[in-house]
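Visitor: can you look at this prediction? I've put the sequence above it.
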Amino acid sequence: MKKLSNTNMELPYDKTNARSIEAYAKQLLDKSLHDIFGDDIVHVRKGKGKFGQLVEELYFKYKPNSDALPDFPEAGVELKTTPMKEIKKGYVPKERLVFNIIDYEKEYQYSFPQSSFWKKNALLLLMFYLYEEQKLDVDYIFKIIRLWRFPVADLKIIKDDWEKIVAKIKDGKAHELSEGDTLYLGACTKGANSETTRSQPFSEVPAKQRAFSLKPKYISFIINKSLTEAEVLIDEREYEDLLQVGEPSVSYIRKKLDNIEPVVKEVSDYKKGETFEDLVVRKFKPYYGYTEKQLTQEFQIDTKAKNKFEIVAKAILGVKNKKIEEFEKADVLMKTIRLEENGSIREHMSFRQIQFNDIVNEDWEESTWYWELNRKFFFVVFQKDANGILKLDRVLFWNIPEKDFDILEEVWNDTKMKIANGDFTHFIKASENKIGHVRPKGRNSDDKMLAPNGTMQKKKCFWLNKTYIKAAIS
DNA sequence: GCATGATCATGC
DNA sequence: GCATGATCATGC
């Protein structure tokens, strides 16, 4: 990184040096702003919000910028202050990590190395603090502070994600962008409300304002890695091939977190022009036409589990008995689909149980079901042949088109309202053709859960209609 | 044949 | 012990 000016003597760190900035930041570890600045800060700080700006101005003593350069331009470091919350299993991200807003009018003009995202966010200084509801923000304790570069294998996926987002802009479809379009780097809505829009260059249709973002599952990975491993800051030079036009040839063996294993062991596993999704489909193709029996024999799988096809799928991807790292980090939802001889789907697709006492306090875009739906699906499709034998037909990645979320929101709102009103008998049915519906999901009809009105009610869940799934995969 | 309610095998 | 992902069973 080129030095633009001499070190500013007034600052308690060398603003041209990423390690110096990091070292200064780390003095906040296990401390709050209150600890550093004393009681005076509590008086000037009554409300919440803009906590990140406070850290920048007060602690780093510089004015935050929202321009195209990183926060510390001379060092190429972008500061991100982001909350975690504590659950039984440890720390988890409280929300997405949101980067710069996507300027549809400009972003498409760049290649990835020149993109607004990469220019600003290639090197991050992450400051994770523990969010606690009852606390003032100045009392939040910082728990993880570190420089972060994306591992090379992740950067490959992020670059492809960026290309997908830009391809939609170029196609005049910025209004159809959705978080489910991409794996790690998402385009999440950002604005006062969902009506906040921006113009796009190749269509008259206003598009929702969106920002680049990382999904909580990916941030979890950063947190876990930061807490369990000795710190490794990837050398910038390892990116060189990836940031050229052309194909990556970098050989980079990935480290494993305990229970997850990547499909892609080295970036050179990719064939020319392949995305991660392409690669996965390629791995499955040799097994198209295999029967259930052939697959379980081939991979020596002996289980009666109803998710045995998922076990098969993992085996095909070379990730036996572990979780698929890329699917975990991208929060991909694997679902098996069984087609009848005539191609119709036998069953609707179930989701998690509805927590009756939670849903009544949720908003749609933060609801459990929305999070389940607003992601990439991986369908493993089996079809019965003329003799009624189930064979692997094909696999595909899919996500719910942006336009369909309005109807799903209706279904969700209707359900929430009925639960709040104590009506457990008139949920939206599959026959109403609203894409989704509500049906039982329990051990048996005695399996019940406490509802807001104090009664015990049969456990239920949301389902996606099989007709909808059928259309999606056709 | 399909909608709906009911239930199962497993992992954690 | 229970949620998950999935499938079964009945009745119209």
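Guide: Ah, there it is.
Visitor: so A:P206 is in which element?
Guide: For A:P206, the enclosing helix or strand under DSSP states H and E is strand A:203-208.
Visitor: so what strands line up beside that strand?
Guide: strand A:197-200 (antiparallel) (DSSP bridges).
Visitor: export the partner strand as PDB, just CAs?
Guide: Written as PDB, here are the backbone C-alpha positions of strand A:197-200 (Å, rounded to 0.1, in the frame of the first residue of the first chain):
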ATOM      1  CA  THR A 197     -35.700   2.600  -4.100                       C
ATOM      2  CA  ARG A 198     -33.000   3.700  -6.500                       C
ATOM      3  CA  SER A 199     -32.900   4.100 -10.300                       C
ATOM      4  CA  GLN A 200     -31.200   1.400 -12.400                       C
END
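Visitor: can you name the residues in contact with it?
Guide: Contacts with strand A:197-200, where a contact means C-beta atoms under 8 Å, 6 or more residues apart in numbering, come from A:D103, A:Y104, A:E105, A:I169, A:G172, A:A174, A:H175, A:G191, A:P206, A:A207, A:K208, A:Q209. For glycine as for every other residue, the C-beta is placed from the backbone atoms N, C-alpha and C.
Visitor: ok, stretch A:441-455 next?
Guide: Stretch A:441-455 is touched from outside by A:350, A:353, A:355-357, A:360, A:419-420, A:422, A:424, A:456-461, with contacts defined as C-beta under 8 Å, 6+ apart.
Visitor: quick one: mean pLDDT over that stretch.
Guide: Taken as a whole, stretch A:441-455 has an average pLDDT of 92.
Visitor: hmm, it in reach of DNA strand C?
Guide: Yes - using C-beta under 7 Å from any atom of the strand, stretch A:441-455 reaches DNA strand C at A:K441, A:G442, A:R443, A:M449.
Visitor: identify the farthest-apart pair in those residues.
Guide: When the residues of stretch A:441-455 next to DNA strand C are compared pair by pair using C-beta to C-beta, the farthest-apart members prove to be A:R443 and A:M449, with a separation of 11.5 Å.
Visitor: and these two? Which one has more around it.
Guide: The residue with more neighbours, out of A:R443 and A:M449, is A:M449; 16 against 8, by other C-beta atoms under 10 Å.
Visitor: in a strand, the more buried one, correct?
Guide: Yes - counting by DSSP: H, G, I helix; E, B strand; the rest coil, A:M449 is found in a strand.
Visitor: what does the stretch 201-350 of chain A put close to DNA strand C?
Guide: Taking C-beta under 7 Å from any atom of the strand, the part of the stretch 201-350 of chain A that reaches DNA strand C is made up of A:306-307, A:309-310, A:333-336, A:338, A:346-350.
Visitor: ok, and the most crowded of those?
Guide: Counting by other C-beta under 10 Å, A:F309 has the largest number of neighbours within those, with 23 neighbours.
Visitor: shouldn't it be in contact with A:T336?
Guide: Yes - between A:F309 and A:T336 there is a contact under C-beta atoms under 8 Å: 4.1 Å.
Visitor: what's the overlap in contacts for the two?
Guide: Common neighbours of A:F309 and A:T336, counting by C-beta under 8 Å, 6+ apart, are A:V380, A:F382.
Visitor: which of the contacts of strand A:197-200 lies closest to A:N17?
Guide: When the contacts of strand A:197-200 are ranked by distance to A:N17 (C-beta to C-beta), A:D103 comes first, at 30.2 Å.
Visitor: show me the strands in the stretch 51-200 of chain A, by range?
Guide: Counting by DSSP state E, counting those that start in this stretch, the stretch 51-200 of chain A has these strands, from start to end: A:78-87, A:90-93, A:97-101, A:124-130, A:141-148, A:185-189, A:197-200.
Visitor: so how far is the helix or strand containing A:I311 from its chain's centroid?
Guide: Under the criterion DSSP H and E, the helix or strand holding A:I311 is helix A:308-316. Here helix A:308-316 shows a centroid-to-chain-centroid distance of 23 Å under the convention C-alpha atoms, centre = their mean, to the nearest Å.
Visitor: just stretch A:331-347 next, same as before
Guide: Averaging C-alpha positions (C-alpha atoms, centre = their mean) puts stretch A:331-347 24 Å from its chain's average.
Visitor: hmm, who's touching that stretch?
Guide: Contact partners of stretch A:331-347, identified using C-beta under 8 Å, 6+ apart, comprise A:183, A:215-218, A:307, A:309-310, A:313, A:324, A:326-327, A:349, A:372, A:375-386, A:388, A:390, A:393, A:397, A:466-467, A:469-470, A:473.
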